[in-house]
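Student: Just a sequence and a predicted model for now, questions to come.
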Amino acid sequence: MVVSATVGPPASTDQIWHWLGEVSDPEIPVISVTDLGIIRAVEWQGDECVITITPTYSGCPAMDVIAEEITKVLHSHGINLPSIVYQLSPAWSTDWMTEAGKQKLSGYGIAPPQQQVVDISSIRRYRELQPAIVCPQCGSVDTQLVSQFGSTACKALYKCRACLEPFDYFKPH
């Protein structure tokens with residue numbers, strides 16, 4: 001009598017999530033794509049492992065590199081048929097970042113996103129309600145916006161008035 005065993009996927013989705021934690025964001029190497037929150041789903045469709053990702057910004061130039069790195073990591077763990085699916089809706093939000101990821105950003109010298117106030121009854125009132133951006137170098141809240149765009153489109157450039165150091169702020173959205 002021959003007994004056939006059911007062969008399942010070579011790895012669980014939990015294990016794959018763990019492996020994806022090894023993939024760094026190419027623009028901010030201290031944060032993983034899982035901490036960044038761009039991995040939307042991991043699922044098996046037959047023999048194919050499907051990874052769904054959402055860019056931080058539409059047209060983000062890092063997405064192709066991220067997809068290549070995801071494929072490399074999965075191949076290194078024996079997943080031969082990965083498929084990367086780009087999902088644009090709903091749009092990525094900084095709310096999807098992990099707290100560990102935000103701490104890693106700060107340790108790297110990038111101010112993590114802060115909760116935005118959504119009261120735009122007047123421009124003046126709106127500006128008054130904006131949170132103080134904490135300097136990742138010295139912890140001061142005496143900071144000043146220098147430019148709406150920093151080293152990448154997802155960051156703004158700030159300057160600390162206390163330690164005089166410039167720093168990027170990861171804009172919330």
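Tutor: Now that the structure is in, tell me what you want to look at.

Student: Do you have the helices of the protein handy? List them.
Tutor: Using DSSP state H, the helices of the chain run over 13-20, 33-36, 63-76, 99-108, 123-129.

Student: which of the residues in the shortest one are buried?
Tutor: Pointing back at helix 33-36 there. By neighbour count on 16 or more other CB atoms under 10 Å, the buried set for helix 33-36 is 33-36. Where you see a C-beta, it was placed from the backbone N, CA and C, and this is true even at glycine.

Student: other SSEs contacting that helix?
Tutor: The contact analysis (3 or more CB pairs under 8 Å, 6 or more residues apart in numbering; DSSP states H and E) places helix 33-36 against helix 13-20, helix 63-76, helix 99-108.

Student: got the contact list for the most centrally placed residue in the chain?
Tutor: The centroid of the chain falls nearest to L36 when counting by CA atoms, centre = their mean (2.1 Å). Applying CB atoms under 8 Å, 6 or more residues apart in numbering, we find L36 in contact with 25, 28, 56, 96-97, 101.

Student: of the buried residues of helix 33-36, closest to Y86?
Tutor: Proximity of these to Y86 was ranked by CB to CB; the top entry is V33 with 13.1 Å.

Student: V134 versus the closest one, what's the distance?
Tutor: For V33, the distance to V134 equals 25 Å [CB to CB, to the nearest Å].

Student: thinking again about what came up before, I'd like the helices and strands packed on helix 33-36 laid out as TSV, including mean neighbour count and mean pLDDT.
Tutor: Shown next, in TSV, are the helices and strands packed on helix 33-36 (neighbours: other CB atoms under 10 Å; pLDDT from 0 to 100):
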stretch	mean neighbour count	mean pLDDT
helix 13-20	15	96
helix 63-76	17	95
helix 99-108	17	96
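
Student: I'd like the ones you listed as TSV, with distance to F170 appended.
Tutor: Output for these, formatted as TSV (distance: least, CB to CB, whole Å):
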stretch	distance to F170
helix 13-20	20
helix 63-76	17
helix 99-108	6
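
Student: quick one: which of these is nearest S89?
Tutor: Closest approach to S89 among the helices and strands packed on helix 33-36 (CB to CB): helix 63-76, 15.3 Å.

Student: Would you mind measuring from P10 to T71?
Tutor: 15 Å.
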